[in-house]
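J.: only geometry, no sequence info:
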């Protein structure tokens, strides 16, 4: 029995060591992040936003436990949130906490008591062109117009039902 198990383990191990075939993307003259015929381009991931029930506790975790650079809390009454930015080097996290009873984050936290991922933010090089193009593609936004976001730049949120269940924020690069 022992030799059978040993042979089986050796067989599995040799299959794990077998080279994995690599796939090459077909070369095109167009970058992967550019939409064909479009007047705008998708950029880098700017941040991942996390709704938190306790902003001080969450900020302390990222700063004191994980050693990240963490900003002071910034109240944004026009968005109904207080925000703490966590710098991760290649991107940021945005910790969101409700500011006022009408905050969209308050509703999110009522459904998700422990908090959780709220949205992702992707930069675009021409937000107005992106908005017009996405409207023609029947992608809904949560507001009629672009607004100024937490970084002082124009932003718009795309409806999660049109984005695979993810709330997507586009931000002018």
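T.: Here it is on my side, so go on. Not measured: the values here are computed from a predicted model.
J.: any idea which helix or strand comes after the helix or strand bottoming out on mean pLDDT in the chain?
T.: Scoring the helices and strands of the chain by mean pLDDT, DSSP states H and E places helix 2-17 at the bottom, with a mean of 43. Counting by DSSP states H and E, the next helix or strand C-terminal to helix 2-17 is strand 42-51.
J.: spatially central residue in this structure, please.
T.: residue 120 (2.2 Å; Cα atoms, centre = their mean).
J.: quick one: it from residue 106, how far?
T.: 21 Å (Cβ to Cβ, to the nearest Å). To be clear about C-beta, it is placed using only N, CA and C from the backbone, and glycine gets the same treatment.
J.: could you do residue 64 as well?
T.: 26 Å.
J.: then residue 45?
T.: In terms of Cβ to Cβ, residue 45 sits 26 Å off from residue 106.
J.: tell me if I'm right that residue 46 and residue 123 touch.
T.: Yes - under the criterion of Cβ atoms under 8 Å, residue 46 makes contact with residue 123 at 5.1 Å.
J.: who's more crowded, the two?
T.: residue 46 (22 against 19; other Cβ atoms under 10 Å).
J.: what pLDDT does the more buried one get?
T.: At residue 46, the model reports a pLDDT of 97.
J.: hmm, back to that, what about residue 64 and residue 106, which has more around it?
T.: Taking neighbours as other Cβ under 10 Å, residue 64 and residue 106 compare with residue 106 leading, 16 against 10.
J.: what is the residue lying closest to the more buried one once chain neighbours are set aside paired to in the beta sheet?
T.: The shortest distance from residue 106 to any non-neighbouring residue, by Cβ to Cβ, 6 or more residues apart in numbering, is to residue 98 (3.9 Å). Beta-bridge pairing for residue 98 (DSSP bridges): residue 81.
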